[in-house]
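Q: Have a look; sequence and predicted model below, questions after that.
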Amino acid sequence: MRFTENEEAVSPVIGVILMVAITVILAAVIAVFVFGLAGDLETSAQKDVTVKTGTNADGNVTYTVFAGADVSKITAIEWTNGVGSEGDNSTDGPSGTPAVIIKVGAFGTTTAPKADGPVTFTAIFTDGSSQVVATTN
């Protein structure tokens with residue numbers, strides 16, 4: 001019995017299939033850059049901030065800036081509820097300065113009673129973006 005030796009590493013059909021696949025992938029990557037599709041990608045605007053809510057002795061909703069890497073980028077925290085009450089901490093202080101310095105542990109009180117419904121807190125950031133950071137139940 002005589003064995004034939006085949007010294008080809010890959011069958012020619014498999015080789016052709018691999019070359020076609022590599023060519024298609026390479027063409028797709030080049031097309032993405034040539035047609036400018038990659039330029040439209042933006043980084044996420046999601047900020048890392050955690051705000052904890054509570055209620056004070058008067059029944060008004062309170063908030064505490066709890067944690068987050070982007071806390072130092074907050075310029076104001078605005079709040080609103082379903083019955084038209086709203087406010088922020090941006091001009092409550094003396095001479096128009098913020099009433100609450102926004103940092104981890106910053107605390108603020110709204111004039112919205114918890115009984116009036118959910119209060120939504122929105123942080124305004126230095127880049128002009130805003131993000132809802134907490135909502136009461």
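A: On my side now, so go ahead.

Q: Mind listing what's buried along the helix or strand hosting Phe33?
A: Using DSSP states H and E, Phe33 falls within helix 12-34. For helix 12-34, a neighbour-count test (16 or more other Cβ atoms under 10 Å) marks nothing as buried. Quick note: C-beta positions are derived from backbone N, CA and C, even for glycine.

Q: May I have it as CSV, with CA atoms only?
A: Extracted as CSV, the C-alpha positions of helix 12-34 are listed here (Å, rounded to 0.1, in the frame of the first residue of the first chain):
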residue,chain,number,x,y,z
PRO,A,12,-7.1,25.9,-2.8
VAL,A,13,-10.9,26.4,-2.2
ILE,A,14,-10.3,27.4,1.4
GLY,A,15,-7.5,29.8,0.3
VAL,A,16,-9.8,31.5,-2.2
ILE,A,17,-12.6,31.9,0.3
LEU,A,18,-10.2,33.4,2.9
MET,A,19,-8.7,35.9,0.3
VAL,A,20,-12.2,37.0,-0.7
ALA,A,21,-13.3,37.5,2.9
ILE,A,22,-10.1,39.6,3.7
THR,A,23,-10.7,41.7,0.6
VAL,A,24,-14.3,42.4,1.5
ILE,A,25,-13.4,43.4,5.1
LEU,A,26,-10.6,45.6,3.9
ALA,A,27,-12.8,47.3,1.3
ALA,A,28,-15.5,48.0,4.0
VAL,A,29,-12.9,49.5,6.4
ILE,A,30,-11.5,51.8,3.6
ALA,A,31,-15.1,52.8,2.5
VAL,A,32,-15.9,53.9,6.1
PHE,A,33,-13.1,56.4,6.1
VAL,A,34,-13.3,57.5,2.5
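
Q: Could you tell me the average pLDDT over it, please?
A: Helix 12-34 comes out with an average pLDDT of 91.
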